[in-house]
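Asker: The following comprises the amino acid sequence and a computationally predicted model.
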Amino acid sequence: MGKNPGPMPDVRPANTRLDEFGLIDRYFRPLATEAGAFGLTDDAALIDGPGRDEIVVSSDMVVEGVHFFPDDTPGSVARKALRVNLSDLAAKGAEPSGYLLSLALPASWTENWVARFCRGLKGDQTTYGLSLLGGDTVRSPWGTMISIVALGRLPRGRAVLRSGARPGDAVFVTGTIGDAALGLLVRRGEISSGEAGRGAGRLVDRYLHPRPRVDLALTLRRHASAALDISDGLWADLAHLCAASGVGADIDVRKIPLSRPALRLVKADGSRLATVITGGDDYEILATVDAKRAARFEREARAARVPVTRIGQIVTGATGPTFFAGEGRKLQLSRTGHTHF
């Protein structure tokens with residue numbers, strides 16, 4: 001990786017602001033001088049660990065009114081805050097070992113809320129085999145804010161980065177795509193429970209409770225050339241992977257796996273396909289695998305009880321992803337994924 005040239009002169013009009021990734025690129029990337037930070041181009045950093053291990057470090061925040069609703073249950077909020085970080089560890093091929101928690105509470109906080117929040121964390125600690133290591137608790141002048149730093153472990157040199165995809169690699173995703181984004185629309189009332197039918201609860205649950213694919217970590221280490229978790233949307237996150245690897249990708253939209261409730265809603269309104277591809281909050285794994293290893297990857301994923309679907313391939317040229325909707329027709333969307341600013 002070449003040296004970072006540092007921030008460029010700011011020539012933007014005074015009334016404009018950088019987007020999320022421009023902000024990172026201009027101001028924070030020059031601070032990331034350690035090799036294990038990868039210039040902030042990946043979802044996690046690597047630190048030397050004991051013996052032959054490396055420690056994987058990932059950090060994400062969830063904020064009331066942005067990532068969860070004020071009336072979401074405390075246990076649900078806790079599980080989401082922890083699981084979005086565990087999803088990053090899984091995508092690197094790491095097993096979780098511990099986490100730090102920073103919690104900002106508004107003046108209206110209650111001990112009952114905190115007790116229920118901690119019960120949610122305790123349940124996931126048991127499920128995913130990790131423990132709280134420390135953190136901080138402060139007062140928030142607004143709503144609840146939660147920041148978690150998750151720590152994982154893997155053998156030295158075995159982390160699966162965004163930057164390893166090569167032309168000819170198969171592109172896989174785990175699980176189903178778009179459930180969480182559609183679940184958010186149900187939660188907001190933009191899709192009625194009647195229209196969503198019996199699948200409404202499943203869609204909302206996918207939004208509230210991500211499913212980090214920690215059981216796939218070992219298989220990813222063995223076979224994946226690159227991987228990341230899908231948080232900003234399939235299209236946007238594949239674009240991040242392509243940019244880091246200097247490649248393009250051809251994706252067959254018809255092969256993107258949809259749950260039955262999602263498929264029903266897309267068939268009823270074709271515009272919802274854009275929500276499925278760009279809506280984000282899936283927290284499934286997007287991975288590239290050498291085509292010669294693809295069949296073995298699929299077998300081992302099935303053995304780990306993680307569903308995977310091959311949706312396309314990596315191609316030559318730093319062109320980013322192209323989504324084909326059948327008969328060579330390219331899908332054109334005005335928005336390709338989530339950004340905070």
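Answerer: Here it is on my side, so go on.
Asker: any weak-confidence spans in this structure?
Answerer: Within the chain, the stretches with pLDDT under 70 are 1-15, 334-335, 338-341.
Asker: one more time with 50
Answerer: Scanning the chain for pLDDT under 50 picks out the ranges 1-13, 341.
Asker: can you map out the strands along it?
Answerer: Residue ranges of the strands in the chain, as given by DSSP state E, are 45-48, 53-63, 95-105, 131-139, 145-155, 170-174, 224-229, 248-252, 285-289, 308-315, 320-324.
Asker: and these, which is most packed in?
Answerer: Mean neighbour count (mean count of other Cβ atoms under 10 Å) peaks for strand 285-289 among these, with a mean of 28. All C-beta spots, glycine's among them, are computed from the backbone N, C-alpha and C.
Asker: strand partners of that one, parallel vs antiparallel please.
Answerer: Paired strands of strand 285-289, with direction, are strand 170-174 (antiparallel), strand 224-229 (antiparallel) (DSSP bridges).
Asker: Need the CA coordinates for that strand. PDB is fine.
Answerer: The C-alpha trace of strand 285-289 is given here as PDB (Å, rounded to 0.1, in the frame of the first residue of the first chain):
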ATOM      1  CA  ILE A 285     -21.300 -11.500   4.700                       C
ATOM      2  CA  LEU A 286     -20.200 -10.600   1.200                       C
ATOM      3  CA  ALA A 287     -17.200 -12.700   0.200                       C
ATOM      4  CA  THR A 288     -15.100 -13.500  -2.900                       C
ATOM      5  CA  VAL A 289     -13.700 -16.900  -3.400                       C
END
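Asker: now the angle between strand 248-252 and it, please.
Answerer: For strand 285-289 against strand 248-252, the angle by axes from the mean of the first three to the mean of the last three Cα atoms, to 10 degrees is 110 degrees.
Asker: between the strands of the chain, which gets nearest to Leu182?
Answerer: Proximity to Leu182 (Cβ to Cβ) singles out strand 170-174 among the strands of the chain, at 16.2 Å.
Asker: contacting residues around the closest one?
Answerer: 213, 216, 230, 234, 238, 249, 251, 256-257, 284-291, 294, 297-298, 301, 306-314 (Cβ atoms under 8 Å, 6 or more residues apart in numbering).
Asker: let's go with 7 Å and repeat that
Answerer: Strand 170-174 has contacts (Cβ atoms under 7 Å, 6 or more residues apart in numbering) with 213, 216, 249, 251, 257, 284-289, 291, 294, 306-314.
Asker: Repeat that for stretch 229-247.
Answerer: 41, 43, 84, 87-88, 90-91, 162-167, 177, 226, 228, 248-249, 277-286, 314-315, 318, 320-321, 323, 336-338.
Asker: Which of those residues fall within helices?
Answerer: Val84, Ser87, Asp88, Ala90, Ala91, Ile277, Thr278 (DSSP state H).
Asker: Considering those, which is situated nearest to Asp25?
Answerer: Ranked by distance to Asp25 (Cβ to Cβ), these are led by Asp88 at 19.6 Å.
Asker: nearest residue to that closest one other than its sequence neighbours?
Answerer: Ser58 (3.8 Å; Cβ to Cβ, 6 or more residues apart in numbering).
Asker: again, but for Arg293
Answerer: Nearest to Arg293 is His223, by Cβ to Cβ, 6+ apart, at 4.9 Å.
Asker: Please determine how far the one you found is located from Phe21.
Answerer: 29 Å (Cβ to Cβ, to the nearest Å).
Asker: between those two, which one's more packed in?
Answerer: More neighbours surround His223 than the other of His223 and Phe21, with 22 against 17 (other Cβ atoms under 10 Å).
Asker: what sits against the more buried one?
Answerer: The contact partners of His223, taken as Cβ under 7 Å, 6+ apart, are Val289, Arg293, Arg296, Phe297.
Asker: Drop the exposed ones from these and show what's left.
Answerer: Val289, Arg293, Phe297 (16 or more other Cβ atoms under 10 Å).
Asker: Correct me if wrong: the first one contacts Phe297.
Answerer: Yes - when contacts are counted by Cβ atoms under 7 Å, Val289 is listed as touching Phe297 (4.7 Å).
Asker: Report the beta-bridge partners for Ser147.
Answerer: Taking DSSP bridges as the rule, Ser147 bridges to Met61, Ser102.
Asker: Can you name the residues that contact it?
Answerer: Ser147 makes contact with Ser59, Met61, Ser102 under the criterion Cβ under 7 Å, 6+ apart.
Asker: picking up where we left off before, between the strands paired with strand 285-289, which gets nearest to Arg202?
Answerer: Comparing these under Cβ to Cβ, the one sitting nearest is strand 170-174, at 16.7 Å.
Asker: Strand 320-324 and that closest one, what's the angle between them?
Answerer: Angle of strand 170-174 versus strand 320-324, following the same axes, to 10 degrees, is 80 degrees.
Asker: Just the C-alpha atoms of stretch 144-157, please, in CSV.
Answerer: Provided in CSV are the C-alpha atoms of stretch 144-157 (Å, rounded to 0.1, in the frame of the first residue of the first chain):
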residue,chain,number,x,y,z
THR,A,144,-29.1,7.1,24.2
MET,A,145,-25.8,6.5,22.4
ILE,A,146,-23.9,3.2,22.6
SER,A,147,-20.3,2.6,21.3
ILE,A,148,-18.8,-0.8,21.4
VAL,A,149,-15.3,-1.9,20.6
ALA,A,150,-15.2,-5.6,19.8
LEU,A,151,-12.1,-7.8,20.0
GLY,A,152,-11.5,-11.0,18.2
ARG,A,153,-8.7,-13.4,17.6
LEU,A,154,-7.3,-15.3,14.6
PRO,A,155,-4.0,-16.9,13.5
ARG,A,156,-1.4,-14.3,12.4
GLY,A,157,-1.6,-13.4,8.7
